[in-house]
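**Student:** below is the sequence, then the predicted model.
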Amino acid sequence: MKEILRTNDPTLIAFASAMLKGEGVAFFILDQNMSIMEGSTGAIPTRMMVADQDTFRANAILKDNDIETGLSA
């Protein structure tokens, strides 16, 4: 699996999830509840992962929807 997005913004994760789900790209969210467990508010970024073979397509979908990943394909 490859990381395609890392952010502290829960609305960005929700938007990216909707875009990928709509295009049929499977993804997995990591660290979604870590900030709650650590007692901080948004200090630990949430990561979005996709299968290796879907990395290029997922990055293209996010870029087409003005979501800059900052991560290489």
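**Tutor:** Sure thing, it's come through. Numbers count the residues shown, from 1 in each chain.

**Student:** name the helix or strand for Arg47, please.
**Tutor:** strand 46-50 (DSSP states H and E).

**Student:** now that strand: buried residues?
**Tutor:** 46-50 (16 or more other C-beta atoms under 10 Å). Quick note: C-beta positions are derived from backbone N, CA and C, even for glycine.

**Student:** stretch 14-21 now?
**Tutor:** 16, 19-20.

**Student:** of those, closest to Leu30?
**Tutor:** Ala16 (13.3 Å; C-beta to C-beta).

**Student:** separation between the residue lying closest to Met19 once chain neighbours are set aside and Asn59?
**Tutor:** Leaving aside its sequence neighbours, Met19 sits nearest to Asn65 (C-beta to C-beta, 6 or more residues apart in numbering; 5.1 Å). Separation of Asn65 from Asn59 (C-beta to C-beta, to the nearest Å): 11 Å.

**Student:** higher neighbour count, the two?
**Tutor:** Remark: of Asn65 and Asn59, Asn59 carries more neighbours, 20 against 14, as counted by other C-beta atoms under 10 Å.

**Student:** test my guess that the more buried one contacts Ile4.
**Tutor:** Yes. Taking contacts as C-beta atoms under 8 Å, Asn59 lies within contact range of Ile4: 5.8 Å.

**Student:** so how far is the strand holding Arg47 from its chain's centroid?
**Tutor:** Taking C-alpha atoms, centre = their mean, to the nearest Å, one finds strand 46-50 lying 4 Å from the centre of the chain it belongs to.

**Student:** and that strand, which strands flank it?
**Tutor:** strand 2-7 (antiparallel), strand 27-30 (antiparallel) (DSSP bridges).

**Student:** let's have those in CSV, adding mean neighbour count.
**Tutor:** Formatted as CSV, those follow (neighbours: other C-beta atoms under 10 Å):
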stretch, mean neighbour count
strand 2-7, 19
strand 27-30, 14
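
**Student:** as JSON lines, those strands with mean pLDDT would be great.
**Tutor:** Below are the strands paired with strand 46-50 laid out as JSON lines (pLDDT from 0 to 100):
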{"stretch": "strand 2-7", "mean pLDDT": "92"}
{"stretch": "strand 27-30", "mean pLDDT": "94"}
